[in-house]
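# sequence below, structure please.
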Amino acid sequence: MKPLKQKISITLDEDIIEKVRNLAEDCDRSVSQYINLVLKEHIKQLTEHNTP
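Next up is the predicted model:
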């Protein structure tokens, strides 16, 4: 069973939105899917670097 997702609203700089849209399109993903993927990877890297 897929984990539940929750809708949120965020405010981003216009230039960031455009870059994210382009990157998401290049990966054949929605903006939401792409942001979720990027955040998961970022959190994973932070967790790995902070584990003793």
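# when you work out contacts or count neighbours from here on, use the C-alpha atoms and nothing else.
Fine.
# spatially central residue for the chain, please.
residue 35 (1.9 Å; Cα atoms, centre = their mean).
# for this protein, spot the helix or strand the model is least confident about on average.
In the chain, no helix or strand scores lower on mean pLDDT, DSSP states H and E than helix 31-49, which sits at a mean of 95.
# and that helix, what's buried?
Within helix 31-49, the residues that count as buried by 16 or more other Cα atoms under 10 Å are 31, 34-35.
# what sits against the closest residue to the residue nearest to the centre of the chain other than its chain neighbours?
Leaving aside its sequence neighbours, residue 35 sits nearest to residue 20 (Cα to Cα, 6 or more residues apart in numbering; 7.7 Å). For residue 20, the contact set (Cα atoms under 8 Å, 6 or more residues apart in numbering) comprises 31, 34-35.
# next, residue 20: secondary structure please.
Three-state assignment for residue 20 (DSSP: H, G, I helix; E, B strand; the rest coil): helix.
# looking at residue 52 now. What's its pLDDT?
The model reports residue 52 with a pLDDT of 60.
# and if you look at residue 27?
Reported pLDDT for residue 27: 96.
# quick check on it: phi, psi?
phi -90, psi 0 (degrees, to the nearest 10).
# ok, it to residue 37 distance?
11 Å (Cα to Cα, to the nearest Å).
# over to residue 8?
16 Å.
# rewinding a little: can I get the contacts of residue 20 in JSON lines including distance to residue 13?
What follows is these, written out as JSON lines (distance: Cα to Cα, whole Å):
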{"residue": "31", "distance to residue 13": "14"}
{"residue": "34", "distance to residue 13": "17"}
{"residue": "35", "distance to residue 13": "14"}
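# and the residues you listed, which is closest to residue 46?
Taking Cα to Cα as the measure, residue 35 is the one of the contacts of residue 20 closest to residue 46, at 16.4 Å.
# could you check how far the closest one is from residue 16?
Taken as Cα to Cα, the span from residue 35 to residue 16 is 11 Å.
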